[in-house]
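I'll drop the sequence and a predicted model, then ask my questions.
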Amino acid sequence: MALKVTQIKGLVGANAKQKANMESLGLRRIRHSVVKQDTEATRGMINIVRHLVTVEEVAGE
């Protein structure tokens, strides 16, 4: 199972931990999407920035 993560809000006003997690997820700008493996580490990073992203489950990978 994989997760498609899309940034929906900008990082203005976000704290350093949130900015670092967005960079670790590979998100660079609004409406940018990445596909990540569904692991506990990935879920933890998404949880920290859950108000800035949307998450969809995708089959494959």
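Received, thanks.

Okay, helices next: where are they in this protein?
With DSSP state H applied, the chain shows helices at 16-25, 40-48, listed in chain order.

Next, format these as JSON lines and append mean pLDDT and mean neighbour count.
Bear in mind the C-beta positions are built from the backbone N, C-alpha and C, glycine included. Output for those, formatted as JSON lines (pLDDT from 0 to 100; neighbours: other C-beta atoms under 10 Å):
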{"stretch": "helix 16-25", "mean pLDDT": "97", "mean neighbour count": "14"}
{"stretch": "helix 40-48", "mean pLDDT": "96", "mean neighbour count": "14"}
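
Identify whichever of the ones you listed lies nearest to L3.
Closest to L3 of the helices of the chain is helix 40-48 (C-beta to C-beta; 6.6 Å).

Which strands and helices lie in contact with the closest one?
Applying 3 or more C-beta pairs under 8 Å, 6 or more residues apart in numbering; DSSP states H and E, one finds that helix 40-48 makes contact with strand 2-7, helix 16-25.

neighbouring strands for the shortest one, and are they parallel or not?
Strand partners for strand 2-7, identified by DSSP bridges, are recorded as strand 33-37 (antiparallel), strand 53-58 (antiparallel).

among those, which is nearest G10?
Among the strands paired with strand 2-7, the nearest to G10 by C-beta to C-beta is strand 53-58 (11.6 Å).

Report the separation between M1 and I30.
From M1 across to I30, the span is 26 Å (C-beta to C-beta, to the nearest Å).

and what of E57?
Computed as C-beta to C-beta, the E57 to I30 distance reads 22 Å.

who's more crowded, these two?
A direct count of neighbours by other C-beta atoms under 10 Å for E57 and I30 places I30 higher, at 12 against 9.

show me what contacts that one?
7-10 (C-beta atoms under 8 Å, 6 or more residues apart in numbering).
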